[in-house]
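> prediction below, plus the sequence it came from.
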Amino acid sequence: MQARQKSSGKLRVQIGDGGTRGGTEKMNGRIGGLLKSDIGILVLLALLSVAAHTVTNGQYGFHRDVLQTLDDARHLDWGFVAYPPVTPLIGRIELTLFGTSLIGFRFFAAVAVSAAMVIAGLIAKELGSGRREQVLAAAATCVAPVALAQGAVFQYVSLDYLWGVLATYFLVRLAKSGDARWWMAIGFTLGLGMETRYTAGFLTLGIVGGVLLTDARKYLLSKWLWLGAGISVLLILPNVIWQAQHHFISLDFLKHLHERDVRQGRNNGFLLQQIWLCVNVVTVPLVFLGLRFLLAREEGKRYRLVGWTVLVTFSLFWIAKTRFYYTAPIYPVALAAGSAVFGNWMKSAKPGTARFVNGLQWAGIILNGAVFAVFVMPIAPFGGAVWRVTSKLHDQFREQIGWQELTEHVAQVYSSLPSEERARTGILAGNYGEGGALNLYGPALGLPQAMAGTNSFWYRGYDPREPQTLILVGIETDEAKANFSSCAVVAKNTNRFGVENEESRDHQDILLCRGLKRSWPEFWGRFQRYG
């Protein structure tokens, strides 16, 4: 009996081990199968992209635009002056999950641009491509300088990019299947886009143009198109109500910014920057191949809606004299179509020629992608040779330097005041970067919440204490003297690295002012500004 029990016990152990081993093998088999599948390869590439951004995203500091979003994330509402509510909402989630970690606050931006890679690969798959062309579409999307840059800073541009690419994917699914129910997904995505960035309206108009200019006009009689439009309207309705309650202030804001951009020539070089920045120069041939397929090739006839959507959207941005990167979301679908065409050519070309051209394409993607990554991602060691080059090419990194020092300078002025006066002293900033930095780093140094006259800072109002002594940052001396009985420069806004940026160059003086000449409501009514 004992022998049988031992034998039985051994059998049970063997069965258990075999079951565990079998379960592990099945799990490993599923994972291995996923990694060998088309979607698995695309997801793996996206994860590598997220990892690359995560490893490098801890450098420098918060950009001034991000400081605004970070502050808005603490005051959630259905609308903000500079943008709709989705970006601050996601910023609030990041604050909850990661605090004010640089890597954490840039995480969802990295996920957004990396997810666009997967969608580009899926578009290529819908167009009949195999794995090689899907990977090419994903890689070509990844190395676009705009995508590389937007994965390293949390702004609405990153999320707008994702929604735009997703909307074009659903358009491709609609065009391929003829199933009008895809209008529901398109409407939902466009609604998210409009709740993220108002320029999604250009893509919406581009789709309208694509419908009117192709045989997709038949969908005008479909209930699904109108249900999709209804979903989009329902999603943006809360923001429309907020705008109505706030006198449609965002229209004034957008008008002001557009006039400023045109006046300063920020839209100059629009066409050339499409080639160099919205699309990596080595993938431009794929864009033209893709557009030709979508707009002119017989085998791409069913996708004319997609082609005309891209063309009309691009034309609207160009005519409106917008900044170059607004068009970025429309390129991955063209890259995917171009990758499909390129793959078909590879199959018909001579093997030697096909291998040479394919190798040349991939060498360009890898080398040019690496070069652009160094210049637009926060990779270069601070102060080194590459840093100096990037500082001359753009101000993205320079505008991330000096915010903590600014707060420390203000805190020194604040702490130097007599305690009685300090209790009734406020802080007034000229722009949202300064206001956001002071509210981010100031509480730890004992500073009261800073006021600012820019965008939603102004709508949040002034210090309820109505202080008569104020520390002014980013405000010209002449403006300060016009509003206060006395003003004096008490500190200089510098940074420990000696980096020249907007703050250290244009807003050096930190002022201590007393005796506001107007009542606070009157002063605040005149202090509103956009930026």
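Yes, it's here.
> drop to CA atoms for contacts and neighbour counts, all remaining ones
OK.
> avg pLDDT for the helix or strand that contains Arg260?
Applying DSSP states H and E as the criterion places Arg260 in helix 249-263. Average pLDDT, helix 249-263: 94.
> residues touching Thr199, list them.
Thr199 sits next to Tyr326 when contact means Cα atoms under 8 Å, 6 or more residues apart in numbering.
> distance check, it against Ser232.
Thr199 sits 15 Å away from Ser232 when distances are taken as Cα to Cα, to the nearest Å.
> for Tyr462, same thing?
When Cα to Cα is applied, the distance between Tyr462 and Ser232 equals 36 Å.
> swap in Ser486?
In this structure, Ser486 lies at 53 Å from Ser232, with Cα to Cα as the measure.
> more crowded one of those two?
Applying other Cα atoms under 10 Å to Ser486 and Ser232 shows that Ser232 carries more neighbours, namely 23 against 16.
> my guess is that one meets Glu195, correct?
No - contact status for Ser232 versus Glu195: not in contact, 9.6 Å apart, counting by Cα atoms under 8 Å.
> list the contacts for the residue nearest the centre of the chain?
By Cα atoms, centre = their mean, the mean C-alpha position of the chain lies nearest to Ser158, the distance being 1.9 Å. Applying Cα under 8 Å, 6+ apart, one finds that Ser158 lies in contact with 109, 112-113, 147, 150-151.
> repeat for Ile103
Going by Cα under 8 Å, 6+ apart, Ile103 touches 54, 57-58.
> tell me which of these fall in helices.
Using DSSP state H to define helices, the subset of the contacts of Ile103 located there is Thr54.
> format the contacts of Ile103 as JSON lines; extra columns: neighbour count and distance to His394.
Written out in JSON lines, the entries for those read as follows (neighbours: other Cα atoms under 10 Å; distance: Cα to Cα, whole Å):
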{"residue": "Thr54", "neighbour count": "19", "distance to His394": "22"}
{"residue": "Asn57", "neighbour count": "24", "distance to His394": "18"}
{"residue": "Gly58", "neighbour count": "18", "distance to His394": "19"}
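> for Asn268, state which of the contacts of Ile103 is nearest.
Compare each of the contacts of Ile103 with Asn268 using Cα to Cα and the shortest gap goes to Asn57, at 29.8 Å.
> what's the pLDDT at the closest one?
Asn57 carries a pLDDT value of 95.
> you'd agree it is up against Phe108?
No - here Asn57 lies out of contact with Phe108, judged by Cα under 8 Å, at a distance of 11.6 Å.
> for the residue nearest to the centre of the chain, pull up the helix or strand it's in.
helix 156-177.
> flag every buried residue along that helix.
Across helix 156-177, burial judged by 16 or more other Cα atoms under 10 Å covers 156-175.
> and stretch 269-284, by the same measure?
Neighbour-count burial for stretch 269-284, with 16+ other Cα under 10 Å as criterion, is recorded at 270, 273-284.
> what residue ranges in the protein score low on pLDDT?
Confidence mapping of the chain against pLDDT under 70 gives the ranges 1-35.
> hmm, try it at 90
By pLDDT under 90, the low-scoring segments of the chain are 1-38, 266-267, 380-395, 494-501, 504, 531.
> for Gly178, grab phi and psi.
In this entry, Gly178 is assigned phi and psi values of phi 70, psi 10 (degrees, to the nearest 10).
> change the start of the numbering to 21 and stick with it
Will do, 21 is the new start, and the previous item becomes Gly198.
> neighbours around it, how many?
There are 13 residues near Gly198, going by other Cα under 10 Å.
> contacting residues around it?
Applying Cα under 8 Å, 6+ apart, we find Gly198 in contact with no residue.
> try it again at 10 Å.
Residues near Gly198 by Cα atoms under 10 Å, 6 or more residues apart in numbering: 192, 236, 239, 322.
> closest to Asn513 out of those residues?
Distance from Asn513 was checked for each of the contacts of Gly198 by Cα to Cα. The minimum falls on Val192, at 52.3 Å.
> my guess is the closest one contacts Ile143. True?
Yes - under the criterion of Cα atoms under 10 Å, Val192 is in contact with Ile143, at a separation of 7.0 Å.
> what do these two both touch?
Where contact means Cα under 10 Å, 6+ apart, the residues bridging Val192 and Ile143 through contact with each are 186, 353.
> just the helices in the stretch 421-551 of the chain please.
423-436, 439-442, 452-461, 475-480, 497-503, 522-526, 540-546 (DSSP state H, counting those that start in this stretch).
> please identify the most buried of those helices.
Ranked by average neighbour count under the criterion mean count of other Cα atoms under 10 Å, these are headed by helix 452-461 at a mean of 25.
> that one - contacts with which helices or strands?
Contact partners of helix 452-461 among helices and strands, from 3 or more Cα pairs under 10 Å, 6 or more residues apart in numbering; DSSP states H and E: helix 84-92, helix 423-436, strand 445-449, strand 471-472, helix 475-480, strand 489-493.
> again, only using 7 Å
Here helix 452-461 is seen to pack against helix 84-92, helix 423-436, strand 471-472 when contacts are counted using 3 or more Cα pairs under 7 Å, 6 or more residues apart in numbering; DSSP states H and E.
> quick one: strands adjacent to the shortest one?
By that I understand strand 471-472. Sheet pairing for strand 471-472, assigned by DSSP bridges, gives strand 445-449 (parallel).
> so Pro487 touches Gly446, yeah?
Yes - under the criterion of Cα atoms under 7 Å, Pro487 is in contact with Gly446, at a separation of 5.6 Å.
> how about the nearest residue to Ala200 once chain neighbours are set aside, what does it touch?
In space, not counting the residues next to it along the chain, Ala200 is nearest to Trp244; the distance is 5.8 Å by Cα to Cα, 6 or more residues apart in numbering. With contact set as Cα atoms under 7 Å, 6 or more residues apart in numbering, Trp244 has these partners: 200-201, 203-204.
> which one of those sits closest to Ala369?
For these, with Ala369 as the reference and Cα to Cα as the criterion, the closest is Ala200, at 37.5 Å.
> tell me the secondary structure at that closest one.
The assignment at Ala200 comes out as coil when based on DSSP: H, G, I helix; E, B strand; the rest coil.
> ok, now which ones touch it?
Taking Cα under 7 Å, 6+ apart, we find Ala200 in contact with 194, 244-245.
> same list (those) but as a markdown table, adding distance to Trp407.
What follows is those, written out as a markdown table (distance: Cα to Cα, whole Å):
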| residue | distance to Trp407 |
| --- | --- |
| Leu194 | 46 |
| Trp244 | 52 |
| Leu245 | 50 |
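> quick check, nearest of these to Asp272?
Proximity of those to Asp272 was ranked by Cα to Cα; the top entry is Leu245 with 31.5 Å.
> returning to that earlier point: ok, of the contacts of Ser178, which come out buried?
Taking 16+ other Cα under 10 Å as the criterion, what is buried in the contacts of Ser178 is 129, 132-133, 167, 170-171.
> which ones among these are found in helices?
When helices are assigned by DSSP H, the members of the buried ones among the contacts of Ser178 inside them are 129, 132-133, 167, 170.
> tell me the one of these nearest Lys512?
For Lys512, the closest of these turns out to be Gln170, at 32.1 Å, with distances computed as Cα to Cα.
> perfect, that will be all.
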